[in-house]
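Chemist: coordinates for the following, if possible.
(chains A and B)
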Amino acid sequence: MNRNKNIKENTTGCPDHEIVCAYFDGELPKEGPESAHIASCAECQSRLEDFAKMAGAIARNMKEKQNADFPETMLKKVRSKISAEKNPVVPFYIIQFMKAAAVFILIAGIFVYIKNFTDSNSKITGSQPLRTSPPASIVSTIPQKAPAGIAGIPGEIEIRNLRDVSTSPDIRFMTPAQKEYSPDKPAIIPDSVSQVWTTDDMGNAIAKAKECLNKTGVKADILKFTADDSGTLSSSVSLNKMQLSTFVRLYAKDGFELLSPAQPQPEQNVFYGNADDKVGYEIKIVSKNR
Amino acid sequence: MEETVKNDDPELVRSFNSGSEAAFDELVRKYSVQMYNVAHGLLGSREDAEEVVQDAFVKAYRNLKTFRGDSSFSTWLYRIVMNLSRNKYHWNRRRGAGQNISMSAEKGFGNDGKNQDMDVPDISNGPEKAIESAEENSRIMKAVDALPETLKEVIILRHVENMSYEDIAKITEANIGTVKSRISRARETLSERLKSECPVSNTELR
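Modeler: Okay, here's the model as predicted:
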């Protein structure tokens, strides 16, 4: 490499500062023209003295005099850090915090358990239905049509560990979203329902039916019942789901017994859909003495 | 660097990677002072320098298995120390502690004029000369401390560790031309600062 290319002479004819530095640091070939100049130039020699002074001061002050055992001390500290990394010691306050958290979780768990247990007991003792719902196997055979707007409801009633009947005496209708958060198992009332009732008081069956329907708001006075050869009374009426479920309750309360498994059942009080949904209802009344 | 004398580092690294913890201990013993000097030069604080060196060795311990040997172990270790020192330096600056822990403040003659822990000045040439010499050292150190980071790094590696331009280039991951230029600029900057700070001493330090 041609060193002459790197000579950048300053105004005094001396090589550039960078080259004098390299000479001072022993990074410039001694036989080159710059080296020859620097070695014989008073100005450059003066600069070299400045460099030497600086270098000496830096080396003296920055190189701390260490004790002979410094490497061993350093080793111990390094080993201690490595060991701490391998076996992290959990600080005391974190242990205390974790203990407190564990106790809190335990207490919360006990509280939730007791609450569930109490709810379960109150269902059995407080609001036990007069009659259980039809078995799930029967219910699932009822022709099901998911109410409009209820997405994701399977064709069969989902059997879950839910209460068959709400602890509330009121008849309620719920949406799928509400069902997600309800402990009750709602029943589906189809768009058309046919139910058979039985009684040993056939003489009052029609009057009572009309009376109960009237109480639900259905104008039943003009309702026509027909009797077949066997004496079975039949009629059809259009009403909404709330009216139907209320009628079924009232009629059962008057001593009529429902033979059909179709919903709504007298003890069932939670249903899917809306109370206003229309239902075609066919009622049949048969004599117990038949 | 020490490799030119006798370099048993590759063997120690191999031993460590084969499971010898003693080999790592040997590397710590061998390089702790050198690494400390560089970190101390860059940070100007004993505590910070010790912490950086400890962390550097811990990092080396963790990553030595992935050390491919493209450079020498010492170069690799120097780089770790430099990087950690830079991080520490910037951290200190962000905290506003940089000035308080600077080399010039910690060591030698601080603002209170007391000699804290600097080597006892040589008074063989008379007390006045010794004081002058100590004051000049202090001025030089302050000027070094005020250098830009890249210039400070090369000047410390050159004068504290007595490294060649080639080694400095490896450690700072710059080319030799850049190192040469940085060293030159560092010296030029130091000269200018010292001249402007103390024009009286210009006759001594141009």
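Chemist: need the pLDDT of the residue nearest to B:Phe73 when sequence neighbours are not counted.
Modeler: Distances taken as C-beta to C-beta, 6 or more residues apart in numbering or on different chains place B:Asp9 nearest to B:Phe73, at 4.1 Å, with adjacent residues excluded. In short, each C-beta sits where N, CA and C put it, glycine included. If you check B:Asp9, the pLDDT there is 89.
Chemist: repeat that for B:Val28.
Modeler: At B:Val28, pLDDT is 94.
Chemist: my read is that the residue nearest to B:Phe73 contacts B:Leu27, right?
Modeler: Yes - applying C-beta atoms under 8 Å as the test, B:Asp9 and B:Leu27 come out as touching, 7.1 Å apart.
Chemist: could you tell me which residues touch both of these two?
Modeler: Among the neighbours of B:Asp9, those also in contact with B:Leu27 (C-beta atoms under 8 Å, 6 or more residues apart in numbering or on different chains) are B:Phe73.
Chemist: quick one, strands of the stretch 151-290 of chain A?
Modeler: A:172-174, A:192-199, A:226-227, A:233-240, A:257-258, A:270-272, A:278-287 (DSSP state E, counting those that start in this stretch).
Chemist: to B:Ala174, which of the ones you listed lies closest?
Modeler: strand A:172-174 (73.9 Å; C-beta to C-beta).
Chemist: low-scoring stretches of the stretch 151-290 of chain A, by residue?
Modeler: A:151-169, A:179-183, A:290 (pLDDT under 70).
Chemist: can you give me the helices for it?
Modeler: Secondary structure of the stretch 151-290 of chain A by DSSP state H, counting those that start in this stretch: the helices cover A:176-180, A:202-215, A:241-253.
Chemist: want to try a markdown table for those helices, with mean neighbour count and distance to chain B as columns?
Modeler: Below are the helices of the stretch 151-290 of chain A laid out as a markdown table (neighbours: other C-beta atoms under 10 Å in any protein chain shown; distance: least, C-beta to the nearest C-beta, whole Å):
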| stretch | mean neighbour count | distance to chain B |
| --- | --- | --- |
| helix A:176-180 | 13 | 50 |
| helix A:202-215 | 17 | 81 |
| helix A:241-253 | 22 | 70 |
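Chemist: make TSV from these and add distance to A:Leu48 to it.
Modeler: Shown next, in TSV, are the helices of the stretch 151-290 of chain A (distance: least, C-beta to C-beta, whole Å):
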stretch	distance to A:Leu48
helix A:176-180	87
helix A:202-215	119
helix A:241-253	107
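Chemist: among these, which comes closest to B:Asn92?
Modeler: Comparison of these against B:Asn92 by C-beta to C-beta identifies helix A:176-180 as nearest, at 56.4 Å.
Chemist: mean confidence score for stretch A:113-127?
Modeler: On average, stretch A:113-127 scores 64.
Chemist: ditto for stretch A:43-60
Modeler: 87.
Chemist: with just CA atoms, put that stretch into CSV.
Modeler: Output of stretch A:43-60 as CSV, limited to C-alpha atoms (Å, rounded to 0.1, in the frame of the first residue of the first chain):
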residue,chain,number,x,y,z
GLU,A,43,6.7,20.3,15.9
CYS,A,44,5.7,16.6,15.5
GLN,A,45,7.8,15.6,18.5
SER,A,46,6.1,18.2,20.5
ARG,A,47,2.7,16.7,19.6
LEU,A,48,4.0,13.2,20.5
GLU,A,49,4.9,14.6,23.9
ASP,A,50,1.4,15.8,24.4
PHE,A,51,0.1,12.4,23.4
ALA,A,52,2.4,10.7,25.8
LYS,A,53,1.3,13.0,28.6
MET,A,54,-2.4,12.2,27.9
ALA,A,55,-1.7,8.5,27.5
GLY,A,56,0.2,8.4,30.8
ALA,A,57,-2.6,10.3,32.7
ILE,A,58,-5.3,8.0,31.3
ALA,A,59,-3.4,4.8,32.0
ARG,A,60,-2.4,6.0,35.5
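Chemist: list of residues touching that stretch?
Modeler: Contacts with stretch A:43-60, where a contact means C-beta under 8 Å, 6+ apart, come from A:12, A:14-15, A:17, A:20-21, A:23-24, A:37-38, B:41, B:119, B:136-137, B:140-141, B:144, B:155-156, B:158-160, B:162, B:187, B:190-191, B:204-206.
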